[in-house]
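J.: below is the structure, and that's it, no one-letter string:
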């Protein structure tokens, strides 16, 4: 047998060669993980600790099927076939890519070797790039919306798509989240943008007048009717858009009449007998739970289905606190022009804004900053410049200190504030924020998930 075909065993290598082999494995940038036939981890290189943030000593001897039962290596052990591709590690909350191959002794599988790398950040950046491209391609009217929150961006991308159609749109969200702003953006991005956008606040019009306001009326239809009659909102919006705000406040009787307009695009004026055809696009909005109202019998199910073709959900400000400083800067720039000097927020106000729950959402933020800009004579807005009703009182602070030794709660609150402040200081650049905080990438993203920071 020639030298080139001789079998080589471990015993043929001196000790230093085995050490050199481990040194080589430890210098590989990808993770190398070896398990035996019982899925016990028998080897992991230093890249495991470096990339995954878990010490090698902590995993050696542990069963992979207990730590990560869905791991690719487990499937390879079961099937005897190698596997390449991506995987998600539930135990660490990361995405990885690599390959796993079975180790045979004769015809028996005695283990598996896996090599992989952490691609969580790559995937996040890829999704962010895709989202950014979609964001950059949004029609100009949608740029009126300030924010980088991922849920908001998803909603605006969907809104931009539906704006190109004539489909009915239902905008859902709490008071103050900007439903009217979104309705205006949808209209101004549609083929009807040069035609009227007529707004109807269903909650503000008395029950006895809403039918004549929407459908108009004929001459002499009722006492006090204008001579010659009057066109209703739907006819005024012909070829354009009708925005029905607070539609959840509409009576069941009016809901039935509205349903006919949505189905047939025709109506009859109050006191009239002639059918009037209308070419309109309808955008409705509400801060109420329409599905709950259906169960209670206060909202028509058939109307709900007719309206709910493309629902657009606007996230409350308390769930998109990563946008608070961007919104604040936008409002402050506007108010600075009015008061004649620059305006900024003090660190204490920034922390308070991130801790505050914002029941009035964006509208409340705008009103608070307008108040502060008027009473503030310096460049920096401090806590005492804010409206008195939102500033924590001594009683509030006492209530917050009922558990003065609740270490976990206090540390969590401080950690969250520090992370939000770091993100704000570096314009939401996560890499710079985690460097400033002095924590690892894995720990940083773990805390983002734990504290619900987008």
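T.: Cool, the structure landed. Just so you know, these numbers come straight off a predicted model, no measurement behind them.
J.: so what are the domain limits for this protein?
T.: Following the assignment in automatic domain parsing, the chain carries domains at 3-118, 126-315, 318-450.
J.: tell me which of these sits most buried.
T.: Mean neighbour count (mean count of other C-beta atoms under 10 Å) peaks for domain 126-315 among these, with a mean of 17. Any C-beta I mention is one placed from the backbone N, CA and C, and that applies to glycine too.
J.: distance from that domain to the middle of the chain?
T.: Domain 126-315 sits 24 Å away from the centroid of its parent chain (C-alpha atoms, centre = their mean, to the nearest Å).
J.: now do it, average pLDDT.
T.: Here domain 126-315 scores 89 as its mean pLDDT.
J.: which residue ranges form the helices in the stretch 301-450 of the chain?
T.: For the stretch 301-450 of the chain, the helices defined by DSSP state H, counting those that start in this stretch occupy 301-307, 324-339, 347-355, 361-375, 394-400, 407-425, 430-437, 441-450.
J.: wait, which of those is closest to residue 101?
T.: helix 441-450 (26.6 Å; C-beta to C-beta).
J.: distance from the chain centre to stretch 338-349, please.
T.: 28 Å.
J.: try stretch 378-386
T.: Distance of stretch 378-386 from the chain centroid (C-alpha atoms, centre = their mean) equals 30 Å.
J.: which SSE is residue 43 in?
T.: Using DSSP states H and E, residue 43 sits in strand 41-44.
J.: ok, and what's touching the helix or strand just after that strand?
T.: Helices and strands here follow DSSP H and E; after strand 41-44, the next one along the chain is helix 46-52. For helix 46-52, contacts defined as C-beta atoms under 8 Å, 6 or more residues apart in numbering pick out 26, 28-33, 54-56, 59, 92, 94, 117-118, 442.
J.: can you flag which of the residues you listed belong to helices?
T.: Cross-referencing the contacts of helix 46-52 against helices under DSSP state H gives 26, 56, 59, 442.
J.: mind putting the residues you listed in TSV, distance to residue 105 included?
T.: Output for those, formatted as TSV (distance: C-beta to C-beta, whole Å):
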residue	distance to residue 105
26	25
56	25
59	24
442	36
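J.: could the residues you listed go into a markdown table alongside distance to residue 47 and pLDDT?
T.: Below are these laid out as a markdown table (distance: C-beta to C-beta, whole Å; pLDDT from 0 to 100):
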| residue | distance to residue 47 | pLDDT |
| --- | --- | --- |
| 26 | 8 | 80 |
| 56 | 10 | 85 |
| 59 | 13 | 84 |
| 442 | 14 | 78 |
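J.: how far off centre is stretch 366-375?
T.: Distance of stretch 366-375 from its chain centroid, counting by C-alpha atoms, centre = their mean, is 27 Å.
J.: hang on, residue 163 packs against residue 182?
T.: No: because the distance of 10.0 Å does not satisfy C-beta atoms under 8 Å, residue 163 is recorded as not touching residue 182.
J.: related to what we said a few turns ago, could the helices of the stretch 301-450 of the chain be laid out in TSV, adding distance to residue 176?
T.: What follows is those, written out as TSV (distance: least, C-beta to C-beta, whole Å):
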stretch	distance to residue 176
helix 301-307	21
helix 324-339	12
helix 347-355	15
helix 361-375	3
helix 394-400	22
helix 407-425	21
helix 430-437	28
helix 441-450	26
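J.: confidence-wise, which of those helices is weakest overall?
T.: When I compare the helices of the stretch 301-450 of the chain, helix 394-400 is least confident, with a mean of 50.
J.: which of the ones in helices among the contacts of helix 46-52 sits closest to residue 79?
T.: Using C-beta to C-beta, the ones in helices among the contacts of helix 46-52 come closest to residue 79 at residue 59, 23.6 Å.
J.: tell me the confidence at the nearest residue to the closest one once chain neighbours are set aside?
T.: Spatial nearest neighbour of residue 59, excluding adjacent residues (C-beta to C-beta, 6 or more residues apart in numbering): residue 41 at 5.2 Å. Residue 41 is assigned a pLDDT of 92 by the prediction.
J.: I figured residue 41 hits residue 56, correct?
T.: No: under the criterion of C-beta under 8 Å, residue 41 makes no contact with residue 56, lying 9.2 Å away.
J.: residue 176 is in contact with residue 360, correct?
T.: Yes: applying C-beta under 8 Å, one finds residue 360 in contact with residue 176, separated by 4.7 Å.
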